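1. fold the following.
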Amino acid sequence: MSLPDDLDALARSVIDANRYMTLGTTDPDQRPRVSPVYFSHAAYRRFYWVSSPSAHHSRNVTERPAVAIVIFDSTAEVGAGHAVYVDATALIVPDEELPRRCAEAFAGIGPDATAFAPEELSGDADLRLYCAKATGFEIHVPGRDPRYGSGVDTRRPVSP
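-> Sure, this is the predicted structure:
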């Protein structure tokens, strides 16, 4: 089975089909740190999640905003999975932007997810809204793909 002609559309479908992303941040000693977070997105360019500012990954974002994200279906059968890799810059959403950003972040969430109000995520709230602005995208290409494969798994740039 080969990847489709439109890899950008494949990237969009992977992002739309999944609710969790793996967020990669960097510890103070430069060690990588990965965390699964429930996310939503806006136009495939901004990825939102809610987290405690005291969480390890949140502290890392505050100190080192460059992040890496991978979105994939961990239940896919061997050889049938697809993954999207995202390079991004993340930040805690400032209080003055929360009305607009909450409306954007919670517009398309699932029925079991919580749509937070701006006042629940501002000031000294236990939870805050975070946003990662994408700077680059790649899609996983299996090495055996008849059209795009090279014998080893690689990544191809996409623009969802």
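
2. for the helix ranked longest in the chain, what is the average pLDDT?
-> Assignment by DSSP state H gives helix 7-17 as the longest helix of the chain. For helix 7-17, the mean pLDDT works out to 95.

3. and it, what's buried?
-> Across helix 7-17, burial judged by 16 or more other CB atoms under 10 Å covers 7, 10-12, 14-15. (Each C-beta comes from the backbone N, C-alpha and C, glycine too.)

4. could you export that helix as PDB, CA atoms only?
-> Taking C-alpha atoms only, helix 7-17 is exported to PDB below (Å, rounded to 0.1, in the frame of the first residue of the first chain):
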ATOM      1  CA  LEU A   7       0.700  14.200   1.400                       C
ATOM      2  CA  ASP A   8      -0.600  17.600   2.700                       C
ATOM      3  CA  ALA A   9      -4.200  16.100   2.900                       C
ATOM      4  CA  LEU A  10      -2.800  13.000   4.600                       C
ATOM      5  CA  ALA A  11      -1.200  15.200   7.200                       C
ATOM      6  CA  ARG A  12      -4.400  17.100   7.800                       C
ATOM      7  CA  SER A  13      -6.300  13.800   8.200                       C
ATOM      8  CA  VAL A  14      -3.800  12.500  10.800                       C
ATOM      9  CA  ILE A  15      -4.100  15.700  12.800                       C
ATOM     10  CA  ASP A  16      -7.900  15.600  12.600                       C
ATOM     11  CA  ALA A  17      -8.200  12.000  13.500                       C
END
